[in-house]
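Chemist: After the sequence you'll find the predicted model.
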Amino acid sequence: MSDGLKTDPLVIAGREYSSRLIMGTGGVDNFDLLSRALIASGTQLTTVAMRRVNATAGVSVLDVLRDLKIDVLPNTAGCYTAAEAILTAQLAREALETDWVKLEVIADERTLLPEPIELVTAAEALIKDGFTVLPYTNDDPILARRLEHVGCAAVMPLGAPIGSGMGIRNPHNISLIVEGAGVPVVLDAGIGTASEAAQAMELGCSAVLLASAVTRAKDPIAMATAMRLAVESGRLAAGAGRIPVREFGVASSPTQGRATL
Amino acid sequence: MTTMNITLNGHATEVEADTLSEIVRTVTSRRTGVAAAVGGQVVPRSEWDTTVVHDGDVIEVVAAVQGG
């Protein structure tokens, strides 16, 4: 039995994090607010995107993350083909000096759902090229298994489409992915509020990755705090051995020794 | 320096430059946190000074921005 005060660390590809909440940085314009939300979330690993340099850009998001000592996880957001995603990952490796990548290959702009064939193709190529690949994938247990087999360091199934805030649409599939996985499962995308982050952890996920739910909330700092607590709660609950669900009531007060009234 | 027409970050651009270093300098003063590709191939920063740019080259210069 644990002391109930701390959750065990998240380990991905040999790197250890005490926080199981991975944050994105998109969706908020104000760096000060972003910085305070990141601190409130307790995150130690945070995603960034790679885009063409704008000559007028001042402070970079990297400066913010460096000050906060948060590890950077570049993504391949906006890529529709394996070739685009591979080149984006290679550019990120050169720019940010990390061989970790959140691999995203999306099928269309309306759903932002992953394109599974291109995703697996890109994952295989990047792993061959020495990358640590964390793929954003559909909530498909078979695809998740395939991604693990080609050598991905984690699998990151969506709860619902990116930015939709619809929560976990198919908890059963997430459970199946967790049951079958030998690498950490990170619930990525779709989270809208804290109870959904807790649910992801209760389903056995190793971590939760979210951005919009915090950055687009009315009070990002309050929501970041809520997410940190939810992920911790969910993790503790998942390991605590919940009671079985029963059809009828089971009294918790003794039935013996009742007074005759 | 040679005057040439290249495609820089998606825009047809006339530049006076010989090396990739000079091209990168036209879009950013940063040397870290930036990566460049010529014709779809990443060029390591250590090779920017010696990478000769040619007329018609397609060059991308990227950096990290906020993102999910």
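Modeler: Sure, I can see it. Everything quoted here is computed from the prediction, not taken from an experiment.
Chemist: How about the contacts made by residue 22?
Modeler: With no chain named, the answer covers chain A. By C-beta atoms under 8 Å, 6 or more residues apart in numbering or on different chains, the contact set of A:Ile22 is A:43, A:45-47, A:73, A:186, A:207-210. To be clear about C-beta, it is placed using only N, CA and C from the backbone, and glycine gets the same treatment.
Chemist: Hmm, no, I was thinking of chain B.
Modeler: B:1, B:15, B:53.
Chemist: Flag every residue of the stretch 1-150 of chain A that's near chain B.
Modeler: Counting by C-beta under 8 Å from any C-beta of the partner chain, the stretch 1-150 of chain A comes close to chain B at A:24-28, A:34, A:47-53, A:55, A:57, A:60-62, A:72, A:74-75, A:77, A:87, A:90-96.
Chemist: among those, which are in helices?
Modeler: A:34, A:61-62, A:87, A:90-96 (DSSP state H).
Chemist: how about JSON lines for those, with distance to A:Glu202 added?
Modeler: Shown next, in JSON lines, are these (distance: C-beta to C-beta, whole Å):
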{"residue": "A:Leu34", "distance to A:Glu202": "28"}
{"residue": "A:Val61", "distance to A:Glu202": "32"}
{"residue": "A:Leu62", "distance to A:Glu202": "34"}
{"residue": "A:Leu87", "distance to A:Glu202": "38"}
{"residue": "A:Gln90", "distance to A:Glu202": "38"}
{"residue": "A:Leu91", "distance to A:Glu202": "38"}
{"residue": "A:Ala92", "distance to A:Glu202": "33"}
{"residue": "A:Arg93", "distance to A:Glu202": "35"}
{"residue": "A:Glu94", "distance to A:Glu202": "40"}
{"residue": "A:Ala95", "distance to A:Glu202": "37"}
{"residue": "A:Leu96", "distance to A:Glu202": "33"}
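Chemist: Which one (most neighbours) among those residues?
Modeler: Highest neighbour count within these: A:Ala92, with 29 neighbours (other C-beta atoms under 10 Å in any protein chain shown).
Chemist: Please consider this matter closed, and thank you.
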